[in-house]
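Chemist: sequence unknown, structure follows:
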């Protein structure tokens, strides 16, 4: 919470400040938790007007290996709180194509949501990163899980590691990190 300076809008949304590559504040994402959504018309995430550029977050993920791409700030924050080097794009399943070169030489695990949109996003990421990243692997959640947070609510850390192994590669340095 402190590291990412999370807050709230004084009402019902969780605020997530977004920094540029140079460390300047460029947006504030406002996330509406599921229990606060009254109807399907309630926007899950809002940006400050005209500041919702698609970019990766957080940029510090590019300082370490491997990088795990998850779908959404909630999953990214949860994964990072467990010691995983997670990152997300800030436009749902749209890949920030103008920033994919930042993955050059990295090992990347794509762990997008376990639904049709997540599968489409994973395909886009894998296609965009082939030839740029050193290696790209897809992590597929079990059928009973929609996303990273859902997985951790139902399964153990050992099972997370097994997902990486099943993707034909282990997660280097994570054999004890994030394991409950």
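Modeler: Good, I have the coordinates. Just so it is clear, the structure is predicted and the values come from calculations on it, not from any experiment.
Chemist: So residue 109 sits against residue 70, correct?
Modeler: No - using C-beta atoms under 8 Å, residue 109 makes no contact with residue 70, being 9.3 Å away. All C-beta spots, glycine's among them, are computed from the backbone N, C-alpha and C.
Chemist: The residue found closest to residue 61 once you drop the neighbours it is linked to in the chain bridge partners, please.
Modeler: Spatially, and ignoring its direct neighbours in sequence, residue 61 is nearest to residue 87 (3.9 Å; C-beta to C-beta, 6 or more residues apart in numbering). Following DSSP bridges, residue 87 is listed with bridge partners residue 69.
Chemist: show me the contacts for residue 87.
Modeler: 56-58, 61-62, 67-70, 76 (C-beta atoms under 8 Å, 6 or more residues apart in numbering).
Chemist: what does residue 105 give?
Modeler: 133-134.
Chemist: which residues of the protein fall in strands?
Modeler: 7-8, 14-19, 25-31, 45-46, 56-57, 67-70, 86-89, 107-111, 135-138 (DSSP state E).
Chemist: Identify the residues contacting the second one?
Modeler: Just to be clear, that refers to strand 14-19. 4-9, 25-33, 55, 57-59, 73, 77, 90.
Chemist: Next: the first one.
Modeler: For strand 7-8, the surrounding residues in contact (C-beta under 8 Å, 6+ apart) are 14-15, 17.
Chemist: and residue 69, how many residues sit next to it?
Modeler: By other C-beta atoms under 10 Å, 27 other residues sit near residue 69.
Chemist: That one against residue 106, yeah?
Modeler: No - when contacts are counted by C-beta under 8 Å, residue 69 is not listed as touching residue 106 (10.5 Å).
Chemist: can you put the strands of the chain in CSV and add distance to residue 119 and mean pLDDT?
Modeler: Formatted as CSV, the strands of the chain follow (distance: least, C-beta to C-beta, whole Å; pLDDT from 0 to 100):
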stretch, distance to residue 119, mean pLDDT
strand 7-8, 33, 86
strand 14-19, 25, 85
strand 25-31, 23, 83
strand 45-46, 21, 81
strand 56-57, 20, 92
strand 67-70, 13, 95
strand 86-89, 15, 94
strand 107-111, 10, 93
strand 135-138, 9, 91
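Chemist: returning to what we had before: what residues do residue 109 and residue 70 have in common as contacts?
Modeler: Going by C-beta under 8 Å, 6+ apart, no residue sits against residue 109 while also sitting against residue 70.
Chemist: Check the contacts of strand 7-8 for burial and list the buried ones.
Modeler: Buried residues within those, defined by neighbour count using 16 or more other C-beta atoms under 10 Å: 14-15.
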